[in-house]
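In: Structure, please.
(2 chains)
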Amino acid sequence: MKLKNNPENYSKLASFTLRVALAIPFLYAAVAATLQPEAWIGFMPQFLQNLFPSSLLLGAHSSLNVILGLWLLSGWKTKYAAALSALTLLTITLTNLGALDIIFRDIGLLLAAVSLALLHYKK
Amino acid sequence: MSAAIASFITLALAGIVDAGYLVWKHYSHKAEPLVCPLDHDCSKVTESKWSTIFLVRNEVLGLLFYVAMLVAGLAVFFMPEFSWLKLLIKFAVGGGLLFSLFLIWVQIYKIKDYCFYCMISALITLLLFVNSLFI
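Out: Here you go, the predicted structure:
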């Protein structure tokens, strides 16, 4: 591949890798929450569980994750997709700080989303 | 097992996006030429004489394969009593992996060029195969 011929290709490949790295967990979370809702409802904030039925909460969560995953993969207006991904991951992290042993990787994903947004900031 | 099925379905979805993008690029007259993330000329591969095997374009075959894997993954989850489905998936993905290896061989030795999206598809098929062993 012509990676060495153009230094900008490294930045393009980094962007592509980051987009895939973020999209795959989003898509996985959507699929897993749909297949096994009882294992995922615990990650929803308690006040939301009190307000809405669990099927609605998980449906909305899966839909948002699918939209974000496909948006990231599409490469369309990536800085906005990355910013929304970062916001989503920040919300997940802050509302599940009690389960840090499980969600600690989300902090890495959050920073990856911020990196992607910065990479596309001026594009 | 549900985690393995969830990851299998996720990989099938990723494959659908990858192959679907190639199909859309080929058949949509409004679409711009195929853009490679590495500024590479993917069309040299995707429009070569090797782009059609078994009378159907490779990206269409790929898309059908990934859709079939998605349906099969869902079927295994919702109908676990049909254990033969798991065996069928292993054979189908094994066949897909062999076909992917053949296409990589074609790119290296016949076309002497690479298509980024085809390599991604081959990687997804490899991961699907490894994943299928845990279903």
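In: where do the helices sit along the chain?
Out: In the absence of a named chain, chain A is used. A:8-35, A:46-51, A:54-74, A:78-95, A:100-119 (DSSP state H).
In: that's the other chain; I wanted chain B
Out: B:2-27, B:43-46, B:58-78, B:84-105, B:116-132.
In: Identify whichever of those helices lies nearest to chain A.
Out: Closest to chain A of those is helix B:2-27 (Cβ to the nearest Cβ; 4.0 Å). From N, CA and C alone the C-beta is placed, and that goes for glycine too.
In: Quick check: buried residues in that closest one?
Out: B:5-19, B:21-23, B:25-26 (16 or more other Cβ atoms under 10 Å in any protein chain shown).
In: Filtering the residues you listed by proximity to chain A, which remain?
Out: Near chain A, judged by Cβ under 8 Å from any Cβ of the partner chain, the entries from those are B:I5, B:A6, B:S7, B:I9, B:T10, B:L13, B:A14, B:V17.
In: so how many other residues sit close to A:L51?
Out: 10 (other Cβ atoms under 10 Å in any protein chain shown).
In: To clarify, my last question referred to A:I107.
Out: Using other Cβ under 10 Å: A:I107 sits among 14 other residues.
In: wait, does the helix or strand of chain B with the lowest mean pLDDT contact chain A?
Out: Counting by mean pLDDT, DSSP states H and E, the weakest-scoring helix or strand in chain B turns out to be helix B:43-46, with a mean of 86. No. If you take Cβ under 8 Å from any Cβ as the test, helix B:43-46 misses chain A, and the best it gets is 11.7 Å.
In: Could you do stretch B:75-87 as well?
Out: Yes. Interface with chain A: stretch B:75-87 contributes B:F77 (Cβ under 8 Å from any Cβ).
In: What residues of that stretch count as buried?
Out: Under 16+ other Cβ under 10 Å, the buried positions of stretch B:75-87 are B:V76, B:F77, B:L85, B:K86.
In: could those residues be laid out in CSV, adding pLDDT?
Out: Below are the buried residues of stretch B:75-87 laid out as CSV (pLDDT from 0 to 100):
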residue, pLDDT
B:V76, 94
B:F77, 93
B:L85, 93
B:K86, 94
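In: And the furthest pair within those residues?
Out: Maximum pairwise distance among these (Cβ to Cβ): 11.0 Å, between B:F77 and B:K86.
In: quick revisit: looking at the ones next to chain A among the buried residues of helix B:2-27, which one is closest to B:K49?
Out: Among those, and counting by Cβ to Cβ, the member closest to B:K49 is B:V17, at 26.5 Å.
In: Tell me the pLDDT of the closest one.
Out: For B:V17, the model assigns a pLDDT of 93.
In: All good on my end, thank you.
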